[in-house]
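> I would like to see how this sequence folds:
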Amino acid sequence: MTYRRLLSLILPLLLALPLSAQQPVLRKMSSMVQLIALENNSSGTHHQNRMKGSCHDQSLIAFVKTRGDASQLFDDFGSQQLASWDDISIVRIPLSRLNALSASPQVVRIEAGPTSKPLLDTTLYVNNYAPIYEAAGLSHPYTGKGVVIGLEDIGFDLTNPNFLTVDRSQSRIRRFWDFLSVDTVGSKMMVGQEYTTPEAIMAYAHSRDADTQRHGTHTLGAAAGNGFDTNWRGVAFNSDICLVSNVVSADTIYIEQERRNLFTSVTDVLGFKYIFDYATSVGKPCVISFSEGAPYNFSGDLLLFNEVIGKMTGPGRIFVASAGNESLRDAKTFFCKKRGTERAGTFLEDSENMLLVNMLSADEFTLSLNIYNGEEPTVFSMPSRNILADGDSLIMDTVMVDNTEYVIFWNAFTPTGNFGKKLVYQVFVKGPKNIGNTQPLAFILEGREAEVEVYKYRGNFVDNALNGELNAGETSHNILMPGCSPYVICVGASAYRRGFMGADGVYKTLPYGKNGERAFYSGIGPTPEGYIKPDVVANGTNVISSGSSYFYESKGATGLETGYSTYNGRTYPWYADLGTSMSAPIVAGIIALWLEVNPRLSPDDVKHVIATTSRHYDTSLTYPNNEYGYGEIDAYRGLLKVLMLSSIEGLSDSNPREASLRMTSSGAEISFASPVSSSLTLTAYNLKGQQQLRLTIPSGTSVYTLPSGSLPRGVYALQLGRLGSWLVRM
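Okay, here's the model as predicted:
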């Protein structure tokens, strides 16, 4: 069930079922679970006499936090424990038993959140084009070998040759779980089916949604693609791959209505567990990349989600997530009415018929909604004390403005998380399609002694000439979950190339950032709880990566194509695209290189490497900050840090610009852009930091080869004069 559908159900359900009568049961539930319970109750589906495990009993997959051993408890309520971490379990709960389970004294909390959305959609606003991303030419011998890269995403083409081993002898996809698979006879999975052999994976060929989605094929290529017959290689191109094809709101077309509560944020966590469990089973470190997200929810739909991610991650278990694209075109996403200011506000509008705004405050204030039908507005005011005075902190109005009906729902509650004495106030408005356009709608906060934080959830903060003073808003506080989590490496996007050559031979110019500046769409912190986010940025603008042949077969060309490859009689497009969806897998690929060096790196270790080695685009800023985090990730500097070579005096933390290195059968071949004008010293250090070789490259040299027998087999840092250094495996 999507939040759009849940919001459309809120008002009639609350009318039909007073919340005060449900408090003993509902108070333990997150908001989404509450709404599911209310919907179930109001529809009359009280089938308590159904047999346990009956396929006719609709179910919900949720977190349940309990006191003591819960295995017998779940059995008593006809529920199935799917996974557990100490006192938190993932449970499949029949809706007919949901209220009864919640009423048990042993149950502390039941939680589920909405499914996420893929974070690639900014391409719609840049003429459906995006410039080239080329992997950073990492001149070192680490390629992700022995590391598992896990992706949970949608739209996977499992046959794409970009995911073969370098010698093209076999696929590197070791496991695949498709939530939407209908091949479920004998399945051990709670939803869909898993495929565990190369033969089964290739026979299945693609996720069920691959004809309408291509997101996962692109993000996987950025993290781990081998490049096949192109230069568009991913970062960790020798890594093993474990994939989960989950469900986002656009995938509900594949799901029967009665099964939609099985696909929640909690089901996503089962996917993360599946990836980490596979890595554990083969004894390899693992980094998961998740390029999806949902707005921060104050009512705690993701409280236990955060806690479980914290329990899942640790040494050799890293979780990377996108910051989100909510800063698109500098859209206003937050404002604060400061104490000492009498009033502040903005206009609200949306292309559909609903608005939802969250407010956070410890003070008393008045909220007014002004709906204009001409120059004079119809005003609806609600003091915060009136909301709190209501027995359920819920107030609802239905009003008419020139024969147009608006339903206004006000409520207040204590937020989950670290917010001190602040309360959350929500206002939900349901009205005509394109709400706020034909009849402009102003949102105004008043009260000189009040400080109120305002967060956009659904709808846009816009200016309107009807009242130029109502122009509050800034682009901040818009990091999506799970990137908000302190246990997650949250990745924003930077920008480089301003154009690319399309497959049609036409060069497209896109002036959306350059030289490593923050991409205009990349989410900006802090989080509502005050965490600085993102943690790091990486190139996410105009990234070229692999596409789904099945999507291409179904939809045809999109205008994003930069080239085509042919393999086993199929055509595989390469696409340019952008979004923090792209930057997250690039960071995951880089972390895979670091894990190859040190498989026991923890999330805190990774953050320390990022903090001490990242590049700073804007040197006037203090780092970390809420635009760049610790800065732009530097794979090479980070690798030297992990190898503990960064302390070698005289060893550069960047590659030479005037020379390039490649390994040949003869050894390490150094090519100079122009003949050396004066002699250069070449020094080799082993991984203990000990100097192993020092020699002179004479002036006039254009190509120099360090013979393979010059050093014992192993990995070395080569310092070329003062020009820079490389890592090589001899």
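> List the buried residues in stretch 159-175.
159-164, 171-175 (16 or more other Cβ atoms under 10 Å). Quick note: C-beta positions are derived from backbone N, CA and C, even for glycine.
> Pull the residues that contact it.
By Cβ atoms under 8 Å, 6 or more residues apart in numbering, the surrounding residues in contact with stretch 159-175 are 148, 158, 194-196, 198, 201-202, 205-206, 217, 220-221, 224-228, 234, 237-243, 274-275, 278, 282, 545-546, 548-549, 565, 567-568, 570, 572.
> Can you tell me which of those residues end up in strands?
Here DSSP state E is the test, and the contacts of stretch 159-175 give 148, 194-195, 240-243, 545-546, 565, 567, 570, 572 as lying in strands.
> Out of the buried residues of stretch 159-175, flag the one nearest to residue 599.
residue 174 (16.9 Å; Cβ to Cβ).
> Give me the phi and psi angles of that closest one.
The phi and psi torsions at residue 174 (degrees, to the nearest 10) take the values phi -90, psi -30.
> Now do the buried residues in stretch 411-427.
Of the residues in stretch 411-427, those buried under the neighbour-count criterion (16+ other Cβ under 10 Å) are 411-413, 415-417, 419, 422-427.
> Between the residues you listed, which sits nearest residue 490?
Distance ranking of those against residue 490, using Cβ to Cβ, places residue 417 first at 16.4 Å.
> what about the closest one, helix or strand, and which?
Per DSSP states H and E, residue 417 falls between elements, in no helix or strand.
> Excluding residues flanking it in the chain, which one is nearest it?
For residue 417, ignoring the flanking residues on the chain, the nearest one in space by Cβ to Cβ, 6 or more residues apart in numbering is residue 529 at 5.2 Å.
> That neighbour belongs to a helix?
No. Using DSSP: H, G, I helix; E, B strand; the rest coil, the secondary structure at residue 529 is coil, not a helix.
> Residue 558 and residue 577 touch, don't they?
No. No contact is recorded between residue 558 and residue 577 when judged using Cβ atoms under 8 Å, the distance being 9.5 Å.
> what about those two, which has more around it?
Neighbour tally, residue 558 and residue 577, criterion other Cβ atoms under 10 Å: the higher count belongs to residue 577, 30 against 16.
> Just the pLDDT for that one.
pLDDT recorded at residue 577 is 88.
> Residue 2 too?
As summarised for this prediction, residue 2 has a pLDDT of 39.
> what's near enough to touch residue 301?
With contacts defined as Cβ under 8 Å, 6+ apart, the neighbours of residue 301 are 30-32, 111-114, 265.
> In strands, which of these appear?
Secondary structure from DSSP E places residue 111 of the contacts of residue 301 in strands.
> now, among the contacts of residue 301, which is nearest to residue 644?
Of all the contacts of residue 301, the one sitting nearest residue 644 is residue 265; the distance, using Cβ to Cβ, is 38.7 Å.
> if I pick the nearest residue to that closest one once chain neighbours are set aside, what's in contact with it?
Distances taken as Cβ to Cβ, 6+ apart place residue 113 nearest to residue 265, at 3.5 Å, with adjacent residues excluded. Applying Cβ under 8 Å, 6+ apart, one finds that residue 113 lies in contact with 30, 32, 264-266, 294, 297, 301-302, 305, 481.
> Pull up the gap between residue 113 and residue 63, please.
Computed with Cβ to Cβ, to the nearest Å, the distance linking residue 113 and residue 63 is 9 Å.
> Name the residues contacting each of the two.
Common neighbours of residue 113 and residue 63, counting by Cβ under 8 Å, 6+ apart, are 266, 305.
> what about this protein, any weak spots by pLDDT?
Counting by pLDDT under 70, the chain contains low-confidence residues at 1-24, 41-57, 117-140, 300, 510-513.
> Now with 50, please.
Judged against pLDDT under 50, the low-scoring parts of the chain cover residues 1-22, 45-56, 121-138.
> Tell me which helix or strand the nearest residue to residue 663 once chain neighbours are set aside sits in.
Distances taken as Cβ to Cβ, 6+ apart place residue 728 nearest to residue 663, at 6.6 Å, with adjacent residues excluded. With secondary structure defined by DSSP H and E, residue 728 is part of strand 724-729.
> Just the residues contacting that strand, thanks.
Outside strand 724-729, the residues touching it (Cβ under 8 Å, 6+ apart) are 139-142, 636, 639-640, 643, 651-657, 659, 661, 663, 668, 714-720.
> Buried ones among those residues?
If we count by 16+ other Cβ under 10 Å, the contacts of strand 724-729 have these buried: 139-142, 636, 639-640, 643, 651-653, 655-656, 659, 661, 668, 715-720.
> Narrow these to those in helices?
Among these, the residues falling in helices (DSSP state H) are 636, 639-640.
> got the residue ranges for the strands in the stretch 551-700 of the chain?
Ranges of strands in the stretch 551-700 of the chain, per DSSP state E, counting those that start in this stretch, are 561-567, 570-577, 659-664, 667-672, 680-685, 691-697.
> can you give me the helices in the stretch 351-500 of the chain?
Listed in chain order, the helices of the stretch 351-500 of the chain (DSSP state H, counting those that start in this stretch) span 384-389.
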